[in-house]
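Participant: okay, predicted coordinates and the sequence, questions at the end:
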Amino acid sequence: MPDPLASIKPESLNAALKGFYTPPKPGGSVVSGTDLIALLETLPALSVGEHVDPILVQMQKHHRGTSFLPEDHALLAFVDDSIGQILHQTDLDFKLESFVRDLAPFIAATALRDGVKAITQEQPVYNVIDTLMRECIGWSEDLGILGDQFMEKIEVPVRLLIKGKSSVAECQAELGKFFGKEAPIFAKMEERLCASELDVLAGQKGKYFAAELLNQKMAGKGLPLFIIFMLQGSWYEFLQKVFVTYGLKSQEWSSISKLTEALIWCLQAQKDQEKHQALMASLPEQVKAFCAKLSFDTAPYESCMADVEAEFDLIREGNPSDPCDFELMEVDTSAVDGNREIDREVLKQIERFKEGQWFLYDDKQESSEKIARIKLILNWHDTERLLFTNHNRRKVLHMSYAELAGYISSETVSLLSPRAPAHEITHAHLLTVIKGIQQQKKIEVGVEEEVERKQVSQQFLTKRKEALKQALEAHREEARVKQERAMVLRQKAARKLEAATEAVKALNLDAWVKLPIMEGTLTPCRLVAIIPASDKYIFANRGGIKVAEYTGGQLSHMIVTENSEILDTGAEFQSVLASVVTGLREDKGKSYEELTGDTA
């Protein structure tokens, strides 16, 4: 498809930008050309208080008294606006947003050298911006030591670029090298999370369908006590195993459902004696033949058929066991709450969500501490379940389709992943600017009287100036809110570390702590020595062999990042310490607090 900008002359683009951004008349000290580019390239990195300042504001702060040609002023305003459009695709943490704005002068310098069309095409600096937004979108101020270590690796090459100590290509290479190293590590961690949680999800649904099947077939039937125990015990477990292994729509599930129905039918008095006798004779062999085709060990389940065969013998003798009253099994319907009450369009939207996409959880009725960035690592259509993790990839959040639909409708959960590369956003924004000016020109051309035409033009300029002023005020307010939110999250991380530090200080000899002795698992270890002079905590395994040595700070960070867990302090738990440890342990309920660290 041809580029609509290709046929527009540079002078027409400059005129459109001037008309849209209404630049002021230049003052006494006008900077342009290579001098302006040099000033742009010497702008310092944004501070915490300035992290959202656009280029025009930065230039006035650091190069007071300078003014620009109208076309240059309009061009800088367009670059500022385009950066805003790029950032509005998502909701980056304020520190990452400042990185992106720190790169705006590089884009402006390219536009001044090569024209505005150049920055609507792929540029090396756009690669850096896209990389930061794609790879760091899940980072936030509350991620603790692991988050700090990650950000440090990002900040170094970006700051070197901004200070002019490295090139754009060198910065991109360093970032690519770091993310290339991190990607397989994160992928492996997500794979482990999925593997462990898949069993949980499948098991929940297996319990539901196994219980539903038994309740349906057993309801209103007369059954001996030991048969009831068998069906709601070993056979119930057998049904779950088949479901988890093969699934609801499998031939195996269909077969075991029919076998369950036949088994219960045989245990009832029947009018058709010939059919009854024939099925009792063949059913045990049918069960054995079915078990022989399965991929897991069925010996524990086959053995329970001995009780059934014994009852069959009693039925043949005309002396069946007395039936007993029994309760149907409890059924947890939360495992299949599914999409029954979900709007069809919302359901389609959820089904289209892909693994790897990031979302923002932000309930406006909750405090800023409740905000979390979560990544979808599993969208399991069969179970209507989703799994999310955070940037540290150490916790997982379960969510049903129905729950997510509710969050979407209330705007509590929104998609974070950017929709398009940075240069495409800039290209689209330039077309919007041109279209706005073209529409205004049509309005002016349609006015016959010159005086009225000037009035219409002046009204447009006045409205544009007011719109730009309001946009800047709204931008600053949004930045203020985001910065306050970031500070709240940073304070939360500090409180978590403080609590973990207090827990470590409370450790005594013979305390038991889970440690990452082997990759992928935590091993209970006993604290055998504390050396205050060197701040060392020495641990041994159950056999008394030394297996680990950590400083107090290392242990604190490991507790916060879920790489360690205190099992016993070596003395009676004091109430305060118990609450601290409980608050840092993983919430088995898989609630939202898993990802925020909030246990209030």
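Facilitator: Nice, I can see it.

Participant: top strand in this structure by residue count?
Facilitator: In the chain, taking DSSP state E as the definition, the longest strand is strand 521-531.

Participant: all strands for the stretch 301-450 of the chain, in order.
Facilitator: All strands of the stretch 301-450 of the chain, identified by DSSP state E, counting those that start in this stretch, fall at 358-361, 372-380, 385-389, 396-400, 413-415.

Participant: ok, the third one: who's next to it in the sheet?
Facilitator: Okay, so that is strand 385-389. strand 372-380 (antiparallel), strand 396-400 (antiparallel) (DSSP bridges).

Participant: and the ones you listed: which comes nearest A428?
Facilitator: strand 372-380 (25.6 Å; CB to CB). Just so you know, the C-beta spots here come from the backbone N, C-alpha and C atoms, and that holds for glycine as well.

Participant: show residues contacting that closest one.
Facilitator: 137-140, 190, 193-194, 197-198, 201, 350-351, 353-361, 385-391, 396-397, 416, 592, 595-596 (CB atoms under 8 Å, 6 or more residues apart in numbering).

Participant: now the longest strand of the chain: mean pLDDT?
Facilitator: Across strand 521-531, pLDDT averages out at 89.

Participant: to P323, which of the strands paired with strand 385-389 lies closest?
Facilitator: Per CB to CB, nearest to P323 of those: strand 396-400, 38.8 Å.

Participant: what comes up buried for the closest one?
Facilitator: Within strand 396-400, the residues scored as buried using 16 or more other CB atoms under 10 Å are V396, L397, H398, M399, S400.

Participant: want to throw those into CSV with distance to E311 and pLDDT?
Facilitator: Output for the buried residues of strand 396-400, formatted as CSV (distance: CB to CB, whole Å; pLDDT from 0 to 100):
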residue, distance to E311, pLDDT
V396, 45, 80
L397, 47, 85
H398, 41, 85
M399, 45, 89
S400, 41, 87
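
Participant: right, and out of those residues, which lies closest to L507?
Facilitator: Out of the buried residues of strand 396-400, the member with the shortest distance to L507 (by CB to CB) is V396, at 28.2 Å.

Participant: contacts only, for the residue nearest to the closest one when sequence neighbours are not counted.
Facilitator: On the basis of CB to CB, 6 or more residues apart in numbering, the spatially nearest residue to V396 that is not a chain neighbour turns out to be L193, at 4.9 Å. Listed by CB under 8 Å, 6+ apart, the contact set of L193 reads I377, L387, T389, R393, V396.

Participant: now do the lengthiest helix in the chain: which elements does it pack against?
Facilitator: Criterion DSSP state H: the longest helix present in the chain is helix 450-505. Judged by 3 or more CB pairs under 8 Å, 6 or more residues apart in numbering; DSSP states H and E, helix 450-505 is in contact with helix 10-21, helix 94-102, helix 144-162, helix 422-445, helix 552-560, helix 575-584.

Participant: out of these, flag the one nearest W235.
Facilitator: Per CB to CB, nearest to W235 of the helices and strands packed on helix 450-505: helix 575-584, 38.1 Å.

Participant: measure F106 to F78 for me?
Facilitator: 15 Å (CB to CB, to the nearest Å).

Participant: same thing with S564?
Facilitator: Distance of S564 to F78, given as CB to CB: 52 Å.

Participant: next: E473.
Facilitator: 19 Å.

Participant: out of these two, which sits in the more crowded spot?
Facilitator: Between E473 and F78, F78 has the larger neighbour count (other CB atoms under 10 Å), namely 24 against 10.

Participant: test my guess that the more buried one contacts T432.
Facilitator: No - the pair F78 / T432 is not scored as a contact, 10.7 Å apart, by CB atoms under 8 Å.

Participant: what's around R480, how many residues?
Facilitator: Counted with other CB under 10 Å, the neighbours of R480 add up to 11.

Participant: now do H51
Facilitator: Neighbours of H51 (other CB under 10 Å): 21.

Participant: shouldn't it be in contact with Q483?
Facilitator: Yes - counting by CB under 8 Å, H51 does reach Q483; the two are 7.2 Å apart.

Participant: identify the contacts common to the two.
Facilitator: Common neighbours of H51 and Q483 (CB under 8 Å, 6+ apart) are F94.

Participant: out of the strands of the stretch 301-450 of the chain, the one nearest V156 is which?
Facilitator: So among the strands of the stretch 301-450 of the chain, strand 372-380 is nearest, using CB to CB, at 22.4 Å.

Participant: determine the angle, from 0 to 180 degrees, between that closest one and helix 450-505.
Facilitator: Angular relation of strand 372-380 and helix 450-505 on a 0 to 180 degree scale: 90 degrees, by axes from the mean of the first three to the mean of the last three CA atoms, to 10 degrees.

Participant: next up, phi/psi of E384, please.
Facilitator: With angles defined as degrees, to the nearest 10, E384 sits at phi 50, psi 50.

Participant: okay, it: pLDDT?
Facilitator: For E384, pLDDT reads 82.

Participant: let me know the next secondary structure element after the longest helix of the chain.
Facilitator: Scanning forward in sequence from helix 450-505 by DSSP states H and E, the next helix or strand is strand 512-518.

Participant: ok, residues contacting that following strand?
Facilitator: Residues contacting strand 512-518 (CB under 8 Å, 6+ apart): 507, 522-527, 539, 541, 547-548, 555, 558, 563-568, 570.

Participant: what ranges do the helices span in the stretch 101-250 of the chain?
Facilitator: Per DSSP state H, counting those that start in this stretch, the stretch 101-250 of the chain carries helices over the ranges 104-114, 124-135, 144-162, 168-218, 225-230, 236-246.

Participant: make CSV out of those and add mean pLDDT and distance to F94.
Facilitator: Below are the helices of the stretch 101-250 of the chain laid out as CSV (pLDDT from 0 to 100; distance: least, CB to CB, whole Å):
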stretch, mean pLDDT, distance to F94
helix 104-114, 95, 16
helix 124-135, 95, 13
helix 144-162, 90, 12
helix 168-218, 89, 20
helix 225-230, 92, 61
helix 236-246, 91, 45
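
Participant: could I get those in TSV, plus columns for distance to G27?
Facilitator: Shown next, in TSV, are the helices of the stretch 101-250 of the chain (distance: least, CB to CB, whole Å):
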stretch	distance to G27
helix 104-114	19
helix 124-135	30
helix 144-162	28
helix 168-218	32
helix 225-230	93
helix 236-246	75
